[in-house]
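Q: I would like the atomic coordinates for the input below:
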Amino acid sequence: MNEQQRILEMIEKGQITASEGMELLEAIKGVKVEEPVAVEIVRTAKAKNYKFLKIKVITENPGTNVNVNIP
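A: All right, here's what the predicted structure looks like:
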């Protein structure tokens, strides 16, 4: 079931109001999923001394770059 059908069913059941449903429908229209341009995994020099896995995702839009450190 897609998001639009789910929102419409919630309105039908009375779980949300029509205006709330309209806001949700408008919000999911504006959502775009972009694929990352580059993914880089940075590691320290010694394999035995890993303390974190560092993941850096670089996209074309500089405001959406991601840096993740996983213990």
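Q: Per the annotation, how does the protein divide into domains?
A: The chain resolves into domains spanning 1-31, 38-70 when parsed by automatic domain parsing.
Q: Now render those domains as a markdown table, adding mean neighbour count.
A: Backbone N, C-alpha and C define where each C-beta goes, glycine included. Listed next are the domains of the chain as a markdown table, based on neighbours: other C-beta atoms under 10 Å:
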| stretch | mean neighbour count |
| --- | --- |
| domain 1-31 | 12 |
| domain 38-70 | 10 |
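Q: Just give me the lowest mean pLDDT stretch among those.
A: For the domains of the chain, the stretch scoring lowest in mean pLDDT is domain 38-70; its value is a mean of 71.
Q: Output the helix or strand containing Ile11 in CSV with nothing but the alpha carbons.
A: Of the helices and strands defined by DSSP states H and E, Ile11 is found in helix 3-13. This file holds the C-alpha atoms of helix 3-13, laid out as CSV (Å, rounded to 0.1, in the frame of the first residue of the first chain):
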residue,chain,number,x,y,z
GLU,A,3,1.5,6.4,1.3
GLN,A,4,-1.3,8.3,-0.4
GLN,A,5,-3.7,5.4,0.0
ARG,A,6,-2.7,5.0,3.6
ILE,A,7,-3.4,8.7,4.3
LEU,A,8,-6.8,8.5,2.6
GLU,A,9,-7.8,5.5,4.6
MET,A,10,-6.7,7.3,7.8
ILE,A,11,-9.0,10.2,6.9
GLU,A,12,-11.8,7.7,6.1
LYS,A,13,-11.5,6.0,9.5
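Q: So what's the gap between stretch 20-33 and the chain middle?
A: Its chain's C-alpha centre and that of stretch 20-33 lie 15 Å apart, by C-alpha atoms, centre = their mean, to the nearest Å.
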